[in-house]
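Undergrad: Quick one: sequence plus predicted model below, questions after.
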Amino acid sequence: MDTYNSSLAPRFSQLLAQREAELRAILRAGGSLADQGERAAPHDVMDFKDMATEQSLSTISEAKAEHAAQDLAQVLAARRRLEDGSRGKASSYGRCLDCGEAIDLRRLSALPETPYCTACQSIHEQARSPALRH
């Protein structure tokens, strides 16, 4: 298994910066969509179908913004872990925050903000969604 080493820091710094920019754009776009919805004319006639559609779109926008905000927090935390290594501190970037094992480089390349190895991520996902299991 290939793993992260400090020589890869510039590459991952760039990946994290790009991901941060993407998430900030999503959050900005979500805010502008909410503003547009609030500016709708108060005398517009809407039927139940229009109201249901508007409510569904609003719920989706809120969920998308919440997910983007959570992802952004992970990206910023990953950037701090990466920067610690470049400042000579012990870097935890590329290591699972739960078990301490190295995160597979393929996983890290796909999700540079990930704080967990695949096994620990699976445990977190199972713990987060007990209602989804039957």
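TA: Okay, I see it.
Undergrad: For this structure, which segments count as helices?
TA: 9-38, 48-86, 105-110, 118-128 (DSSP state H).
Undergrad: which stretch among those helices comes nearest Met1?
TA: Taking C-beta to C-beta, helix 105-110 is the member of these nearest to Met1, at 7.5 Å. Placement of C-beta: from N, CA and C, glycine included.
Undergrad: for the helices of the chain, which one sits closest to Thr3?
TA: helix 105-110 (5.6 Å).
Undergrad: Tell me where the model's unsure across this protein.
TA: Where the chain drops to pLDDT under 70, the residues are 31-44, 86-90, 130-134.
Undergrad: Which residue, neighbours along the chain excluded, lies closest to the residue sitting nearest the centre point of the chain?
TA: Residue closest to the mean C-alpha point of the chain, counted by C-alpha atoms, centre = their mean, is Asp71 at 1.6 Å. Leaving out its chain neighbours, the residue that sits closest to Asp71 by C-beta to C-beta, 6 or more residues apart in numbering is Leu23, at 5.5 Å.
Undergrad: wait, what's in contact with the one you found?
TA: Each residue near Leu23 by C-beta atoms under 8 Å, 6 or more residues apart in numbering is listed here: Ala68, Ala69, Asp71, Leu72, Val75.
Undergrad: try 10 Å
TA: Shown in contact with Leu23 (C-beta atoms under 10 Å, 6 or more residues apart in numbering): His67, Ala68, Ala69, Gln70, Asp71, Leu72, Ala73, Gln74, Val75, Leu76, Glu113.
Undergrad: Now do the third one against Ser129, distance only.
TA: To Ser129, Ala69 is 19 Å away according to C-beta to C-beta, to the nearest Å.
Undergrad: With neighbour numbers in mind, choose between the two.
TA: Ala69 (13 against 9; other C-beta atoms under 10 Å).
Undergrad: Tell me how far the nearest residue to Tyr93 once chain neighbours are set aside lies from Thr59.
TA: If the residues on either side of it in the chain are set aside, Tyr93 comes closest to Arg81, at 4.0 Å by C-beta to C-beta, 6+ apart. Arg81 sits at a distance of 33 Å from Thr59 (criterion: C-beta to C-beta).
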